[in-house]
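[1] Predicted model and sequence below, questions to follow.
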Amino acid sequence: MGHLLTNRYVAVAVGVIALMVGLGIGSGEVSCGAQDMAPGDTCVTTNDEGVRTETSYSEERDERRRSARIAYGVGALLIVGGLSRIIWLASRRGRMVQPESMPTTATTAPTRSSWETRPQEQRVTPATPQAISLLTGDEFALPSSQDPAPVPLDLPDAVRRAAEDDELGPARAVGRAEKRMVYVFREGLVEQRGQRISVTPFRTADKFLEFVAVQDDVPVPTSVQLVVGRHKHRFSSLTAEPDLILAVREAAVAAAVRDRLPHMEAALAMGESLPFGRLTIDSIGISLSAKGATLPWTDVADVSAYREFGWADPSLHFEGRARTGMSRSGSIVEEFHRIPDLRLLLHLARGFLLSGRG
């Protein structure tokens with residue numbers, strides 16, 4: 001249900017289908033298989049094991065009514081939730097920062113020194129108290145380029161051999177996720193369930209996703225997911241220990257910083273563009289392919305985690321600032337769980353904003 005509600009259009013479509021199903025069930029004739037039933041009839045069914053079940057006409061009728069009510073409730077919930085999200089996003093994207101709230105240097109991109117030293121009261125504030133800036137704080141900072149001190153761990157021989165065969169480097173942490181033990185290494189994961197051993201090097205991952213929530217008014221990653229082909233390795237508070245989630249996060253991001261960030265920076269310096277899911281960045285600005293929207297870096301007022309009223313999960317929000325004259329720039333909003341390599345994106349975006357490039 002939660003995944004349906006995060007996609008507003010799918011939620012509305014599934015809700016309509018659920019209402020239609022409920023209508024069909026509630027208004028249809030009571031039947032036993034393909035045969036219509038009448039009051040006083042008994043429906044006899046036999047399962048594959050030969051067990052017979054008898055239900056009366058009233059029992060079959062009550063079951064159909066109960067199923068119809070469930071379908072109505074689910075359909076109404078999905079439609080209301082999806083429409084609420086559509087309306088909010090439409091109003092949010094159309095909301096602009098007013099010129100009087102802009103700093104006096106809004107027509108030029110801030111330099112690194114001016115961004116870091118300008119008084120707090122001059123910073124462009126989010127348009128709503130629910131928007132929390134990501135340009136400050138350590139929650140989404142990249143891990144240190146220096147390897148941490150070795151951690152002495154008592155590893156099973158099978159796990160040690162698997163890590164050595166795939167050149168995963170030194171061990172970092174170990175923890176339990178559901179019914180398996182997960183060993184975190186510098187370059188990947190080794191998972192052990194009974195006698196079964198599986199290895200996931202970070203370099204083979206197609207996507208690394210961070211799911212974000214707001215806790216005590218601070219946006220923090222709450223779970224992570226490695227996608228390798230059709231396999232998804234997700235570690236959340238419902239399935240894994242908190243220390244394990246943190247270890248997987250930091251190790252995966254550190255590997256991305258070593259392996260991919262230098263190539264990304266070089267590509268951007270050569271004028272190329274980089275995709276991050278539906279978002280694309282280059283030296284000029286950021287765009288969202290799903291909406292055909294582009295926002296130049298010089299028009300970005302803030303980058304924030306925006307928490308919608310009534311929705312638990314925030315979205316990443318590149319907030320546009322009003323420009324001089326009659327022209328105004330809009331905003332770009334994307335859900336966190338749709339953005340691979342989230343922290344690399346934020347690092348690169350922050351570099352453009354602080355350096356005044358674009």
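    Cool, got the structure. Numbers count the residues shown, from 1 in each chain.
[2] the helices in the stretch 1-150 of the chain, which residues?
    For the stretch 1-150 of the chain, the helices defined by DSSP state H, counting those that start in this stretch cover 2-6, 8-27, 57-93, 112-117.
[3] Could you identify which of these has the lowest mean pLDDT?
    Per-segment mean pLDDT for those reaches its minimum on helix 112-117, at a mean of 37.
[4] any idea how far stretch 190-198 is from the chain center?
    Distance, stretch centre to chain centre, for stretch 190-198: 27 Å (C-alpha atoms, centre = their mean, to the nearest Å).
[5] buried sites along that stretch?
    Neighbour counts over stretch 190-198 (16 or more other C-beta atoms under 10 Å) mark V190, E191, Q192, I197 as buried. The C-beta positions use only the backbone N, C-alpha and C, and glycine is treated the same way.
[6] Would you mind pulling the contact partners of that stretch?
    156, 158-159, 162-163, 168, 177, 179-183, 199-200, 233 (C-beta atoms under 8 Å, 6 or more residues apart in numbering).
[7] Which ones among those map onto helices?
    Judged by DSSP state H, the subset of the contacts of stretch 190-198 located in helices is A158, V159, A162, A163.
[8] Now that we have those, which of them are buried?
    When these are checked for burial by 16+ other C-beta under 10 Å, the buried set is V159, A162, A163.
[9] Using TSV, lay out these together with distance to G229 and pLDDT.
    Compiled in TSV, these are given as follows (distance: C-beta to C-beta, whole Å; pLDDT from 0 to 100):
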residue	distance to G229	pLDDT
V159	22	93
A162	19	93
A163	21	93
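[10] In the chain, what helix or strand scores lowest on average pLDDT?
    Lowest mean confidence among the helices and strands of the chain (mean pLDDT, DSSP states H and E): helix 112-117, at a mean of 37.
[11] Nearest to L134 among the buried ones among the ones in helices among the contacts of stretch 190-198?
    A163 (34.3 Å; C-beta to C-beta).
[12] Serialize the ones in helices among the contacts of stretch 190-198 to JSON lines and add fields for distance to R65.
    Converted to JSON lines, the ones in helices among the contacts of stretch 190-198 look like this (distance: C-beta to C-beta, whole Å):
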{"residue": "A158", "distance to R65": "56"}
{"residue": "V159", "distance to R65": "55"}
{"residue": "A162", "distance to R65": "56"}
{"residue": "A163", "distance to R65": "58"}
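[13] Widest-spaced pair of these?
    Longest distance between any two of these is 9.8 Å, between A158 and A163; criterion C-beta to C-beta.
[14] E265: neighbour count?
    E265 is flanked by 15 other residues according to other C-beta atoms under 10 Å.
[15] right, and it touches F352 too?
    No: counting by C-beta atoms under 8 Å, F352 is not a contact partner of E265; they are 11.2 Å apart.
[16] and the nearest residue to L342 once chain neighbours are set aside, how many neighbours does it have?
    Distances taken as C-beta to C-beta, 6 or more residues apart in numbering put E210 closest to L342, at 4.9 Å, once the chain neighbours are dropped. By the criterion of other C-beta under 10 Å, E210 has 21 neighbours.
[17] Tell me who's in contact with E210.
    P221, S223, V224, R249, F336, H337, L342, R343.
[18] per-residue confidence at it?
    pLDDT, E210: 89.
[19] Please, which helix or strand holds it?
    Using DSSP states H and E, E210 maps to strand 207-215.
[20] how about that strand: buried residues?
    When burial is assessed from 16+ other C-beta under 10 Å, strand 207-215 yields the following buried residues: F208, L209, E210, F211, V212, A213, V214.
[21] quick revisit: between the buried residues of stretch 190-198, which sits nearest V12?
    Of all the buried residues of stretch 190-198, V12 sits closest to E191, with 37.9 Å by C-beta to C-beta.
[22] For H233, see how far away that closest one is.
    Between E191 and H233 the computed distance is 8 Å (C-beta to C-beta, to the nearest Å).
[23] Enumerate every residue touching the closest residue to L168 other than its chain neighbours.
    Leaving aside its sequence neighbours, L168 sits nearest to F185 (C-beta to C-beta, 6+ apart; 3.7 Å). Listed by C-beta under 8 Å, 6+ apart, the contact set of F185 reads A163, L168, G169, P170, A171, R172, A251.
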